[in-house]
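Visitor: Sequence first, then the predicted structure, then my questions.
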Amino acid sequence: MALEIAGKIYKILPEQTGAGKNGAWKKQEFIIETVEQYPKKICISAWGDKVDALQSYAPGDEVKVSFNLESREYNERWYTDVRVWKFEGNTPSSSGSAPQKKDKPKQTSPDVSTFHADSGEEDDLPF
């Protein structure tokens, strides 16, 4: 089962390493926040070479990740793992520096000093 989710990287947790019966392993979890009316934060795991791919991203970067869900039982309790298998989004530049972000048009807010409540001018607000 392959699923996808898009959002911003909220936080990257510390890398974990260890050794098991199949040899050395490394894992790093990160939190992605969806961009919707009610944003959700989801913890996703990167294993092996995907940990290296995760290093090219920083909190605030927009990404789309493809992942698999897997559950396993341990001591009569079930644990679910969300494992990334593909990243899409900002990639490091050819010089090896930090990911480049696309420039977003700045939203300008009106200058507060131009609005005077006691000026006597009638505004066109409906309330």
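Guide: All right, it came through fine.
Visitor: you'd agree V82 is up against S66?
Guide: No: in terms of Cβ atoms under 8 Å, V82 does not count as a neighbour of S66; the distance is 11.1 Å. All C-beta spots, glycine's among them, are computed from the backbone N, C-alpha and C.
Visitor: the more surrounded of these two?
Guide: Legend: neighbour count by other Cβ atoms under 10 Å for V82 and S66, higher for V82 (17 against 13).
Visitor: Am I right that the more buried one sits in a helix?
Guide: No: applying DSSP: H, G, I helix; E, B strand; the rest coil, one finds V82 to be strand, outside a helix.
Visitor: Could you find the closest non-adjacent residue to it?
Guide: Leaving aside its chain neighbours, V82 sits nearest to I44 (4.8 Å; criterion: Cβ to Cβ, 6 or more residues apart in numbering).
Visitor: those strands in the chain, which residues are they?
Guide: Using DSSP state E, the strands of the chain run over 3-20, 23-34, 41-47, 62-74, 77-89.
Visitor: Let me have those in CSV, adding distance to L54 as columns.
Guide: Formatted as CSV, the strands of the chain follow (distance: least, Cβ to Cβ, whole Å):
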stretch, distance to L54
strand 3-20, 7
strand 23-34, 6
strand 41-47, 5
strand 62-74, 10
strand 77-89, 7
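Visitor: can you list these in a markdown table and add mean pLDDT?
Guide: Formatted as a markdown table, these follow (pLDDT from 0 to 100):
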| stretch | mean pLDDT |
| --- | --- |
| strand 3-20 | 93 |
| strand 23-34 | 94 |
| strand 41-47 | 95 |
| strand 62-74 | 94 |
| strand 77-89 | 91 |
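Visitor: which one of these lies closest to A53?
Guide: For the strands of the chain, the distance to A53 is smallest for strand 77-89, at 5.4 Å, taking Cβ to Cβ.
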